[in-house]
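> Sequence first, then the predicted structure, then my questions.
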Amino acid sequence: MKKTNVKLTVAVILFVAICMAAAGTSPSAEAPWYGIVPPLLAIMAAFVTKNVMLSLGGAILMGGLLKQVVPDALSLSAWGAGLGQAWEFIWVAARPWVPAASPTEGGHFSDNWVILSFVFIIFAMVETILMAGGFDGVIRRLLRFVKGKRSAEFLTATLGVGCFIDDYANAIIVGSSVRPITDRFRVSREKLAFLVDATSAPISGLAVISTWIAYEVGLFGAVATDLGIGQNGYAMFFDALAFRFYCLLMILFVFLLILVGRDFGPMRHTRPQGQDEDTTEANAAPQGGHARTALTPLLGMILFHVLLLWWTGQGWAKLQGGQWATSWIYWREVISDVPNSSLVLVYSSSFGLALAVLMARVCDRLSIGRILAAMAAGARKGLFPSVILILAWSLKNCCDGLSTGDYLSSLLVGTVAPIWFPVLLFIVASITSFATGTSWGTMAILIPTAIPVAFALDGDAYGLITMISLGAVLDGAIFGDHCSPISDTTIISSLSCQCDLMQHVRTQLPYCIWVASLALACGYLPAALGMKWIWSILMALVPMAGVFWWARVRSVEA
């Protein structure tokens, strides 16, 4: 209780202090200072309550009241209009059908609902594969390569990378499936939990098709429309991909850690809680299911997705123009010209779901009833991210109505040097996600408010700083979420690996902070100065390898 009161007091003091400082700036009628109140309230409320939906909902309500009440605070009708305005922000984000803008035009199905459809379909597909035992089949195939501790850790990390569709499914499938194997080969539960956690959100956040991509594309697309950026959300995701330094370096760190075989920090002192040495590998292997039940829908979905992107983006015409299909520039142009990338996600995920149902029925003899039950369970799991996504779009509408981005832009342009903005943004996103325990909620709060500032710092153009800032928000959100003891993926990873939660947080925290420091020092700052991303990665590998050398020397001396 005392801890909650302290957090509440700190949050209130910070909230009031920031608001007072903002009120002391030079406000304008077009971009008033109180435009920062809704996103600021969302951050502070999430910090205190740990409830993202409640925090976002309260921020939207506050935005509606500020929009209508501030001009006429003594009018009761203004307060009623404020409540109506808050509902309008939500309805515009959640409505399935967008009415015609003029009598000569027709309405159309909401783009937001296209994205929500993908979320439900992909969750249904994952749950169907789980029910049929497809992931168990993949693991059984890989067990033949496990000969010792290092190969057991390598199997865990490889499965984490391969299970890219969803971070929840990743943590549950990999952690629970390989735990008997890692126990047998004397891998500590803390080390297992770190390997699972480090290859869940960082991988799903990078994957070009996953439960995350629709969320990220939806947020990017909304910002692109507002700012008049001539790119769709999917193309912006690809532009930011090279600047996902934390995720990229964390993956390299994991495999280098396994290769060197030397831990440091609290992880160095962990002890295995393994099974008896005479436990056979066969007893540890998961039973039932065929590998093709998982691989066929996953690979089929990816291939269908790439083909559909190529076709709708007029890839054949660009080949005729003399470009090479293996060129990064070629694929960037193809994806940029896709008229509706969100709809492509729906088609490809539907194809994957159909293959998952077919394989579950034909290969694993799963009954129609169990398949329908699995799909329903998957759809239910999609409810929470869908609600969060709707609230995120609503907060974005709220910030648009109060010109939050314009106010922050006018405040920061000329004050913060453009090269420092991605660094600042990564730190803010990290603190926010660590305090709230949610990367998605952090993205929802920061992307609509921070990216317009980056755009302004770029000279009102879609340039380097804007692209790096996109990556900084996503990676900062994942880093804070990765470290936070209240994060859902952190909790799920510890549970699936049967590792104490706080012990998991304590042992992985130095690893996460070290990689984040490298991302800042070798990634975001040099990239903002114009360094190519590949050189940033190579530069970060030097101190990363140095730490492992130091850990090896200490181990020998001990």
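Received, thanks. As the structure is a prediction and not an experimental result, all values here were calculated from the model.

> Which neighbouring elements make contact with the helix or strand hosting Leu372?
Using DSSP states H and E, Leu372 maps to helix 368-381. With contacts defined as 3 or more CB pairs under 8 Å, 6 or more residues apart in numbering; DSSP states H and E, helix 368-381 has these neighbours: helix 111-132, helix 341-362. No exception for glycine: its C-beta is placed from N, CA and C like everyone else's.

> what separates the last one from the chain centre, distance-wise?
Centroid separation for helix 341-362 versus its chain: 22 Å, with CA atoms, centre = their mean, to the nearest Å.

> what is the orientation angle of it with helix 111-132?
Per axes from the mean of the first three to the mean of the last three CA atoms, to 10 degrees, the angle that helix 341-362 makes with helix 111-132 is 20 degrees.

> and helix 341-362, which residues are buried?
By neighbour count on 16 or more other CB atoms under 10 Å, the buried set for helix 341-362 is 341-353, 355-357, 359-361.

> can you state the direction angle for that helix and helix 368-381?
Inter-element angle recorded for helix 341-362 and helix 368-381: 150 degrees (by the same axes, to 10 degrees).

> returning to what we had before: got the contact list for the helix holding Leu372?
Contacts with helix 368-381, where a contact means CB atoms under 8 Å, 6 or more residues apart in numbering, come from 120, 123-128, 130-132, 168, 353, 357, 360-361, 366.

> Give me the below-cutoff pLDDT ranges for the stretch 1-150 of the chain.
1-3, 26-27, 29, 50, 101-106 (pLDDT under 70).

> ok, now with 90
In the predicted model of the stretch 1-150 of the chain, residues 1-11, 14-15, 18-56, 70-76, 93, 95-127, 129-131, 133-149 satisfy pLDDT under 90.

> Tell me where it has helices.
Per DSSP state H, counting those that start in this stretch, the stretch 1-150 of the chain carries helices over the ranges 2-23, 37-49, 52-69, 76-94, 111-132, 134-142, 149-162.

> So which of those helices is nearest Ile213?
Ile213 sits nearest to helix 111-132 of all the helices of the stretch 1-150 of the chain, at 8.3 Å, using CB to CB.

> re the thing from before, out of the helices and strands packed on helix 368-381, nearest to His269?
helix 111-132 (35.2 Å).

> sorry, back to before: buried stuff in the helix holding Leu372?
Across helix 368-381, burial judged by 16+ other CB under 10 Å covers Arg370, Ile371, Ala374, Met375, Ala377, Gly378, Ala379, Lys381.

> Please name the nearest non-neighbouring residue to Gly233.
Gly221 (3.2 Å; CB to CB, 6 or more residues apart in numbering).

> what about that neighbour, how many residues close to it?
Gly221 has 24 neighbouring residues, counting by other CB atoms under 10 Å.

> pretty sure it is touching Ala235, no?
No. With contact defined as CB atoms under 8 Å, Gly221 does not reach Ala235; the gap is 9.7 Å.

> The following helix or strand past the helix holding Leu372 - contacts with which helices or strands?
Sequence order places helix 383-401 as the next helix or strand after helix 368-381, per DSSP H and E. Judged by 3+ CB pairs under 8 Å, 6+ apart, the packing partners of helix 383-401 are helix 37-49, helix 52-69, helix 76-94, helix 111-132, helix 211-227, helix 439-457.

> how does it look with 10 Å?
For helix 383-401, the packing partners by 3 or more CB pairs under 10 Å, 6 or more residues apart in numbering; DSSP states H and E come out as helix 37-49, helix 52-69, helix 76-94, helix 111-132, helix 211-227, helix 404-412, helix 439-457.

> neighbours of Ala17, just the number please.
Around Ala17 there are 10 residues (other CB under 10 Å).

> Spatially central, which residue of this protein would that be?
Gly205 (4.4 Å; CA atoms, centre = their mean).

> ok, the residue nearest to Met443 when sequence neighbours are not counted - contacts?
Leaving aside its sequence neighbours, Met443 sits nearest to Ala477 (CB to CB, 6+ apart; 5.2 Å). For Ala477, the contact set (CB atoms under 10 Å, 6 or more residues apart in numbering) comprises 201, 205, 246, 426, 428-430, 432-434, 436, 438-447.

> Over to Ala454?
223, 227, 405, 409, 412, 418, 421-422, 425, 462-470, 472-473.

> repeat for Pro339
So Pro339 contacts Asn232, Thr312, Gly313, Gln314 (CB under 10 Å, 6+ apart).

> For it, which three-state class applies?
coil (DSSP: H, G, I helix; E, B strand; the rest coil).

> just use 24 as the starting number from now, easier for me
All set: I'll call the first residue 24, so the last point we hit is now Pro362.
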